[in-house]
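Participant: Below is the sequence, then the predicted model.
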Amino acid sequence: QVQLEESGGGLVQPGGSLRLSCVTSGAIFGDTTRAWYRQAPGRQRELVAAINEGDDTRYADSVKGRFTISRVAVSNTHYLQMNDLKPEDTAVYYCKVISRSSPTSTTYREYWGRGTQVTVSS
């Protein structure tokens, strides 16, 4: 059974930094994409950043230049380094992994963590 566990959230002042971690346990298969999403109160969940096995990355326009997604394959962990945080970054942050359903499958499965709260406030 695949499980994702986030850590690193908390309360930070505007301009501060946080680093989120997401550890994946259980068997996942190839062609994996790892991502971070966030959901603020009253808003839809949105993609923040994603990284694939080739280390290609993409970011929401609102976080470009401030956030960096990275991964460490050997430990099945991915990270979100968040710098110059703003009050509008306040949200619950979720990690997500998309991978093949089996080593030879052409279908994919999605896995989500439970979320970690990030609050940016003075």
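Facilitator: Ah, there it is. Numbers count the residues shown, from 1 in each chain.
Participant: Which secondary structure elements does the strand ranked longest in the chain sit against?
Facilitator: Secondary structure assigned by DSSP state E gives strand 91-100 as the longest strand of the chain. Contact analysis of strand 91-100 by 3 or more Cβ pairs under 8 Å, 6 or more residues apart in numbering; DSSP states H and E lists strand 3-7, strand 18-25, strand 33-39, strand 108-112, strand 116-120 as its packing neighbours. Where C-beta positions appear, they are placed from N, C-alpha and C, glycine not excepted.
Participant: how about the fourth one: buried residues?
Facilitator: Buried residues in strand 108-112, counting neighbours by 16 or more other Cβ atoms under 10 Å, are found at 111-112.
Participant: now swap in the third one and tell me
Facilitator: Within strand 33-39, the residues that count as buried by 16+ other Cβ under 10 Å are 33-38.
Participant: before we move on, what about the longest one?
Facilitator: Along strand 18-25, the positions that meet the burial threshold by neighbour count (16+ other Cβ under 10 Å) are 18, 20-24.
Participant: again with the last one
Facilitator: Of the residues in strand 116-120, those with enough neighbours to count as buried (16+ other Cβ under 10 Å) are 116, 118, 120.
Participant: Could I get the average pLDDT for that strand?
Facilitator: Averaging pLDDT along strand 116-120 gives 98.
Participant: No more questions from me, cheers.
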